[in-house]
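**Student:** next input, structure requested:
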Amino acid sequence: MNVPGLASPVDALDHSRGPARAPVTLVEYGDYQCRHCWRAHGVLEDLVDRVGDGMRFVFRHFPLVDLHPHAWPAALAAEAAADADRFWVMHALLFSHQDRLAEGDLAGYARRLGLRDAGAIGYRAREHHERVKRDLASGEASGVAGTPVLFLNGRRYRGPVDLDSLTEAVRDTPTG
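**Tutor:** Just a heads-up that it's a prediction; the model follows:
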């Protein structure tokens, strides 16, 4: 089976951590309400710490709205936080409160982060719909159907999502 690689290269609009010139870029397509993504979140945080400047981590939204009704508003809340340079803080907060992602919860998280318009969160954050749609479309073009899905330097990673396996995969990823 021929599975496409990453269809949309990482660009300035992506949410990323780590140096842009890192030899390895790991892109995750994730959903804030997905239990598998929650498990992967902790592993990926540890991986970022372990690998340091040797890797750039990118998160792209892939809300599975048929399975997770709060995934889309959670993605919009993360984008609203990004407007205030608080994307990664909200990202961690959403995963740590994955069982509480209703509109009122999201507004509470926005207030906790000091976001200026905490009431315009979730589905009311209309200006962020296109940004989430962009990630979703790039995931679909890359063959993503579920979450989490990881790409290392544009190639789909199919191994286990545990710290040792991912560390080895990052170290073995061809660069250049």
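
**Student:** quick check: next helix or strand after the strand or helix carrying Met90?
**Tutor:** When elements are assigned from DSSP states H and E, Met90 belongs to helix 87-96. Next helix or strand after helix 87-96 toward the C-terminus (DSSP H and E): helix 103-112.

**Student:** kindly export that next one (C-alpha atoms) in CSV.
**Tutor:** Extracted as CSV, the C-alpha positions of helix 103-112 are listed here (Å, rounded to 0.1, in the frame of the first residue of the first chain):
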residue,chain,number,x,y,z
GLU,A,103,-17.8,25.6,25.7
GLY,A,104,-18.0,26.8,29.3
ASP,A,105,-14.9,24.8,30.2
LEU,A,106,-13.0,26.3,27.2
ALA,A,107,-14.0,29.8,28.2
GLY,A,108,-12.8,29.1,31.7
TYR,A,109,-9.4,28.0,30.4
ALA,A,110,-9.2,31.1,28.3
ARG,A,111,-9.9,33.3,31.4
ARG,A,112,-7.3,31.3,33.3
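
**Student:** which elements pack onto it?
**Tutor:** helix 71-82, helix 87-96 (3 or more C-beta pairs under 8 Å, 6 or more residues apart in numbering; DSSP states H and E). Using the backbone N, CA and C atoms, a C-beta is placed for each residue, glycine as well.

**Student:** perfect, that will be all.
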